[in-house]
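In: Generate coordinates for the sequence data below:
(3 chains)
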Amino acid sequence: MKMMTSQTYTLEELTRTLGATLHGDGAQRVSGLATLSDAGPDDIAFLANRAYQRFLGETRAAAVLLPPDLVSECPVSALALDNPYLGYAHLSHLFAPPLAGHRPGVHASACVAESAVLGKDVSIGPNVVIGEHAVIGERTVIGAGCSVGEACSIGSDSLLHANVTLYHGVIVGQRAIIHSGAVVGGDGFGFAHDGSAWHKIAQIGGVVVGDDVEIGSCSSIDRGALGDTVIGDGVKIDSQVQIAHNVHIGEHCALAGCVGIAGSTRVGRHCQLGGGVGLAGHLELCDGVQITGMSLVTNSIHEPGVYSSGTGSMPNDLWRRNAVRFKQLDQMARRLTRLERDRDRGTSQ
Amino acid sequence: MKMMTSQTYTLEELTRTLGATLHGDGAQRVSGLATLSDAGPDDIAFLANRAYQRFLGETRAAAVLLPPDLVSECPVSALALDNPYLGYAHLSHLFAPPLAGHRPGVHASACVAESAVLGKDVSIGPNVVIGEHAVIGERTVIGAGCSVGEACSIGSDSLLHANVTLYHGVIVGQRAIIHSGAVVGGDGFGFAHDGSAWHKIAQIGGVVVGDDVEIGSCSSIDRGALGDTVIGDGVKIDSQVQIAHNVHIGEHCALAGCVGIAGSTRVGRHCQLGGGVGLAGHLELCDGVQITGMSLVTNSIHEPGVYSSGTGSMPNDLWRRNAVRFKQLDQMARRLTRLERDRDRGTSQ
Amino acid sequence: MKMMTSQTYTLEELTRTLGATLHGDGAQRVSGLATLSDAGPDDIAFLANRAYQRFLGETRAAAVLLPPDLVSECPVSALALDNPYLGYAHLSHLFAPPLAGHRPGVHASACVAESAVLGKDVSIGPNVVIGEHAVIGERTVIGAGCSVGEACSIGSDSLLHANVTLYHGVIVGQRAIIHSGAVVGGDGFGFAHDGSAWHKIAQIGGVVVGDDVEIGSCSSIDRGALGDTVIGDGVKIDSQVQIAHNVHIGEHCALAGCVGIAGSTRVGRHCQLGGGVGLAGHLELCDGVQITGMSLVTNSIHEPGVYSSGTGSMPNDLWRRNAVRFKQLDQMARRLTRLERDRDRGTSQ
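Out: Numbering: from 1, shown residues only, chains lettered A, B, ... in the order given. Predicted coordinates:
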């Protein structure tokens, strides 16, 4: 992408904004943000992960944001900060390209129900549909082609990118960001079996999404069967995630791409689920649990910590030999026990 | 979600509707449906899973739907029924909030091809696009922003929620429900390799979806390469499911979220696939197979029953030690066999 | 799907088109393409996979496309070709049903920004939204309900099916096909933690999609944090795939359904990822790597070849016994070593 950004900042300005300590010329101007190895003489770079420290000596950046103890190794101007990654997060917004984007107002092609309530300075894009009694908070942006169902409520300063779908009665907090293709409030997967066929259970609960939540592209969050599916404040959800009915996600959790969580499971606060993790239904995870990528969790977890399942990858021929043995593993364990018994008998004779 | 429902029912009415046996005051009115622990004095609750039996004694519900043998333990009015979960399914529709929803008619912003045929009392929402020669059955609802391709056929009493996409020539039965973001009839993943690059194989088959099928949010069902992809009557498909070209799913199967099925695999009737299950291509699963969550199936299954793969999750440090050993498993098995041989030799000496 | 195709071809014409060798009557006409077992007397069939050779003797097809060494076993006319699967790929386009489809022009309901540049003979469908400064190449088709963001660039002869979303600044090459529900350019999953909450990192990179790329239904490709996410020429991506920020996919790779790739990973050229494969972040895979379905890769791979992880599926009761032992595997390995030591000591005594 080649988009021009016209913003430039002095190192002095950036230092003040970040609360950093400047080592170098505060009047120097930078116009871009880049990695240590990609940065040119008009860019500011950052060093947050020490694995990249080897690129510091040769950087062509105008300045580098880094932790205080690395200032002495920095060949160019340095902005010292205890958490340079957080500093990078702040800088990133300063250098984002300006978009013509979203002007306040309701596009002529949008269908907004008469009973809907639109806050001040909302921006309603082309072909948006907003249902009866929906409430949209101030300065909230609803992108092209979004469908906001009856009686939804979206807080202020939120952003729905193009082609998001909210079913009826979905509640979204302030400063939420929902990406394209995401669906919030679809029916949970609830059916009763009569011995020969499935009968649908009406999903009469809702979805409550807290403040400062982000939901990635093509993710789906189902409405509750009875009672609500709840996404706590500050939760960050990546793309292609599926959250089933009546799940509760505690505040400030991070769920990476392709996570799937089955019905009624409760995830504590500050948990992190790696990409492709699956949680079975009706579990409880306490606060502070981390699950590594593609692990399946079928039991509740009551201790914070890092959990995993699966096997590492290996060349296929080696894997085939080992995977066959996995099917004999219980047998192997029994044979091992027998050998130990025989040895002990032998020894004791 | 706080949506008012104005419906109230007497226990007498509900008992008759369900074919249950009433123990209590038939004139008592209830206005809501809730779980045993959440129910208040105007609600009816249900006890279907005996794991929740401990909540029965303290329920504040007006009445409880439960199996006959638990009537004596119920502190309030009881509606006895052999399959209370099925009874709950029926009740759930009575207590679903009434939505202004879908009025019959074609919204002014919809683009309906002249050659399309719309049944009586269809409801075509805002910004819907319906292609040439498409046929929409009576009372079927097409939600806002849906795209229904050329020559599609949708049976009567079906419901497409907002932003569903059907490609050309997709056939959907009666009483189907398709959730937002779902895509039916996209091209299967078919390419021939010429030694240096991939050449697309036109996907000239279709998709046939039976009666009473439900398809979850953001799920995708690809059209056949030659011949059709087929979803049998009564099949229930959760969110984020991927069904590849020429797959056949037998009647009354249930596929939980994030399932992926590769091309040309045939799943029998009454199968259940847990969340995240993967089926390799060109397999056959007989009727009545259940696969537990996140299992990978790479061989056909000819016996009904429950199948699984993978490893349970455990603390990461324990997992690391064990996962390393998995790579040595075949070696371990050979060492074990050698030990047994040596022991037997020792014994026979 | 029952769609009539009016095209018929003589075997002579097809032979010439494919560069095949004809054994039979060149004047014979065929009107359809089918598998060996489904083909009728007006169809041409193909035999590419020798597993299906048993159907050759009984085929009712008018002619069969097959490798030269099988001509003698073919009971009907034969078109001999070294790569019959590639020949089938070419034929498939000849027999695809003709759709009324996409006429050049801009539909009256589309919202095209004044500064957007539309190439000759583009087709812009109903309810499409095209942002400022977007450039759409000649003959490219944008399906109903698509949203093409500000400053996007799409090459000539590309096809976006209905309801595709491109965020701002996404670059797509020529002859690309993007299926419904796909989202390209959504924000990568980037947040910095301040000890109590996550802070969003603006994703200021873009996405560059090469020529001849296909992207499946409901797939998502995130924009770069800094610098671009890059999909090389000729890459084929199936449905429900998630590609995170700053991933690079080398030319002519094939990614099957439900693949997930974490941030900054680089996949070489001509790699194949099976369904549901997960790649951790910051890895490098060299050219020519194949990963089998549902494997998790957590380390870089420097040798071409086939790699796998996981365990095969088995009956659940057997699996339970083995999965429990997996948790004891390191212990078992140590017990085995001890037994060997004891044996060796015993032998040496």
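In: going forward, measure contacts between C-alpha atoms and count neighbours the same way
Out: Will do.
In: Do a quick rundown of the helices in the stretch 201-349 of chain A.
Out: A:316-326, A:329-348 (DSSP state H, counting those that start in this stretch).
In: which of those helices has the lowest average pLDDT?
Out: Here those differ in mean pLDDT, and the lowest is helix A:329-348 at a mean of 87.
In: Which residues belonging to that one are considered buried?
Out: A:Leu329, A:Asp330, A:Met332, A:Ala333, A:Arg335, A:Leu336, A:Leu339, A:Glu340, A:Arg343 (16 or more other C-alpha atoms under 10 Å in any protein chain shown).
In: any chance of the helices of the stretch 201-349 of chain A in CSV, with distance to chain C too?
Out: What follows is the helices of the stretch 201-349 of chain A, written out as CSV (distance: least, C-alpha to the nearest C-alpha, whole Å):
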stretch, distance to chain C
helix A:316-326, 5
helix A:329-348, 5
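In: closest to chain B out of those?
Out: helix A:316-326 (4.9 Å; C-alpha to the nearest C-alpha).
In: show me what contacts the residue minimising distance to the centre of chain A?
Out: Computing the C-alpha centroid of chain A and ranking residues by C-alpha atoms, centre = their mean puts A:Ile237 first, at 3.0 Å. Neighbour list for A:Ile237: A:Val213, A:Glu214, A:Ile215, A:Gly216, A:Ala254, A:Leu255, A:Ala256, A:Gly257 [criterion: C-alpha atoms under 8 Å, 6 or more residues apart in numbering or on different chains].
In: Can you tell me how far the nearest residue to A:Asn316 once chain neighbours are set aside is from C:Gly268?
Out: Taking C-alpha to C-alpha, 6 or more residues apart in numbering or on different chains, and ignoring the residues beside it in sequence, A:Asn316 has C:Tyr307 as its nearest neighbour in space, at 4.6 Å. Separation of C:Tyr307 from C:Gly268 (C-alpha to C-alpha, to the nearest Å) stands at 15 Å.
In: sorry, back to before: what residues are recorded as beta-bridge partners of the residue nearest to the centre of chain A?
Out: Here A:Ile237 shows beta-bridge partners A:Ile215, A:Leu255, assigned using DSSP bridges.
In: Over to A:His23?
Out: A:Ala78.
In: Can you tell me the number of residues neighbouring it?
Out: 18 (other C-alpha atoms under 10 Å in any protein chain shown).
In: contacting residues for it?
Out: Counted by C-alpha under 8 Å, 6+ apart, A:His23 has contacts A:Val71, A:Ser77, A:Ala78, A:Leu79, A:Ala80.
In: Could you provide those in JSON lines, with additional columns for distance to A:Ser31 and neighbour count?
Out: JSON lines is the format used below for the contacts of A:His23 (distance: C-alpha to C-alpha, whole Å; neighbours: other C-alpha atoms under 10 Å in any protein chain shown):
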{"residue": "A:Val71", "distance to A:Ser31": "22", "neighbour count": "19"}
{"residue": "A:Ser77", "distance to A:Ser31": "15", "neighbour count": "20"}
{"residue": "A:Ala78", "distance to A:Ser31": "16", "neighbour count": "29"}
{"residue": "A:Leu79", "distance to A:Ser31": "16", "neighbour count": "29"}
{"residue": "A:Ala80", "distance to A:Ser31": "19", "neighbour count": "24"}
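In: Report pLDDT for whichever residue of the stretch 151-300 of chain A sits closest to chain B.
Out: Residue nearest to chain B within the stretch 151-300 of chain A: A:Ile201 (4.3 Å; C-alpha to the nearest C-alpha). Looking at A:Ile201, its pLDDT reads 97.
In: which one is it nearest to, not counting chain neighbours?
Out: Nearest one to A:Ile201, counting by C-alpha to C-alpha, 6+ apart, is B:Ala89 at 4.3 Å.
In: How many residues are close by the closest residue to chain C within the stretch 1-150 of chain A?
Out: Closest contact between the stretch 1-150 of chain A and chain C, by C-alpha to the nearest C-alpha, is at A:Ala89 (4.3 Å). Counted with other C-alpha under 10 Å, residues neighbouring A:Ala89 total 20.
In: so who does it touch?
Out: Taking C-alpha under 8 Å, 6+ apart as the test, what A:Ala89 contacts is C:Phe191, C:Ala192, C:His199, C:Lys200, C:Ile201, C:Ala202.
In: That one: which element?
Out: Secondary-structure assignment from DSSP states H and E places A:Ala89 in helix A:84-94.
In: What are the buried residues along that helix?
Out: Across helix A:84-94, burial judged by 16+ other C-alpha under 10 Å covers A:Pro84, A:Tyr85, A:Leu86, A:Gly87, A:Tyr88, A:Ala89, A:His90, A:Leu91, A:Ser92, A:Leu94.
In: Quick check: the first one vs A:Phe55, distance?
Out: Spelled out, that is A:Pro84. Distance from A:Pro84 to A:Phe55, by C-alpha to C-alpha: 16 Å.
In: Quick check: closest non-adjacent residue to A:Glu12.
Out: A:Gly26 (4.2 Å).
In: What values do phi and psi take at the one you found?
Out: phi -60, psi -20 (degrees, to the nearest 10).
In: and the residue nearest to the centre of chain A, what pLDDT?
Out: 98.
In: Identify the residues contacting the closest residue to A:Thr21 other than its chain neighbours.
Out: In space, and not counting its chain neighbours, A:Thr21 is closest to A:Ala80: 5.0 Å by C-alpha to C-alpha, 6+ apart. Applying C-alpha under 8 Å, 6+ apart to A:Ala80 gives the contacts A:Ala20, A:Thr21, A:Leu22, A:His23, A:Leu65, A:Leu66, A:Pro67, A:Pro68, A:Val71.
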